[in-house]
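Visitor: model the structure of this input:
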Amino acid sequence: MNTQTFAQAITKTIYETWKTKYAFWKYGIKVFYAPVIENPKLMIISYQPGGGEADFEKEDREQFEKGEFAPTFNTYIDTNYTMAKKVRSFFDFDPQHALLKESVIFPLIFFRTPSANIWDKELSVNKRTEMEAYSFSKTKEIVDTVKAEKILVIGLKAYKKLKTILGNIENEQVVYARRNGSEDMAITAEYKGTPIFAVIHFSGAKINRQDWATLKELFKNWI
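Guide: Residues are numbered from 1 along each chain as shown. Take a look at the predicted model:
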C-alpha cells in the first residue's frame, strides 16, 4: 500500500468511526490538511482542528459521503484562516510554498472543536479520554507509516502529547526560550532518527516581533 492509499484508507476509517460511534459530536472531524504525497520532506503536526459543523460540511463531509477520502486542497496554502496566514509567514523563506506543498499535515486529535472549552465542557471525562485515545492511536500509525524526513510540531502542548504517544524521543534540547527564561519557545529532538522541531503555538501565544524572527530563522536553518 502506497502512502496516498494508506492516507485515504485511514481517513475513511476515522470518518466511519465518527459516523458510527461519535456522530453526536456534531462538529465533525478533520484528518489531513493537505494532499498526501510519497516520501514527504516534512510532516506538520498540530493539536486539534478548530471550526465547527459548518466547516466540516464545507470542507469534508460531502466528499466523505461520496466515498472520496483524498484531500483536495492545502489548508495552509489555499485558505486565509488566521492559522494558515501564520504558517505561511513562518515559511516565508519559501515564497513558492514548495515545502508546504510537499508536507503531510494533520492534527493529533481528529475531532473538530470550536474551542478548548467546548471540548472540555461538552464531553464527559471518560468520553473525551476515549476519543483522544482513538485519535492518538491513529496518529502513531500515521507517523510510523508515512515516515517523513522531518517533523514540525506546532504548539508545545502538542509536542508534549506527541512525546507520550510515540515514546522513544531522544536528544531533546531547548533551542530557544523567552529572554527571562520563563517559557520554552522551540525544542529539537529525534524520534527513531527522525529530526523534530517543536515550536510554541503561533496563535495561542503572544510572540513579539523579535522572538518571531528568531524562531523563523532557527526553523529555516534546521529544515
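Visitor: flag every buried residue along the biggest helix by length in the chain.
Guide: Scanning the chain for the helix with the most residues, using DSSP state H, yields helix 125-146. Buried positions in helix 125-146, judged by neighbour count with 16 or more other Cβ atoms under 10 Å: 128, 131-132, 134-136, 138-139, 142-143, 146. All C-beta atoms are positioned from the backbone trio N, CA, C, and that covers glycine.
Visitor: not counting that helix itself, show me its contacts.
Guide: Under the criterion Cβ atoms under 8 Å, 6 or more residues apart in numbering, residues 3, 6-7, 10, 13-14, 17, 22, 25, 36, 40, 43, 45, 104, 106-111, 119-120, 123, 151, 161-162, 165-166, 191 lie in contact with helix 125-146.
Visitor: what average pLDDT does that helix get?
Guide: The average pLDDT within helix 125-146 is 97.
Visitor: partner strands of whichever helix or strand comes after it and their direction?
Guide: As assigned by DSSP states H and E, the chain's next helix or strand after helix 125-146 is strand 150-154. Within its sheet, strand 150-154 is paired with strand 42-46 (parallel), strand 194-199 (parallel), according to DSSP bridges.
Visitor: what would the ones you listed look like in CSV with mean pLDDT?
Guide: Shown next, in CSV, are the strands paired with strand 150-154 (pLDDT from 0 to 100):
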stretch, mean pLDDT
strand 42-46, 98
strand 194-199, 98
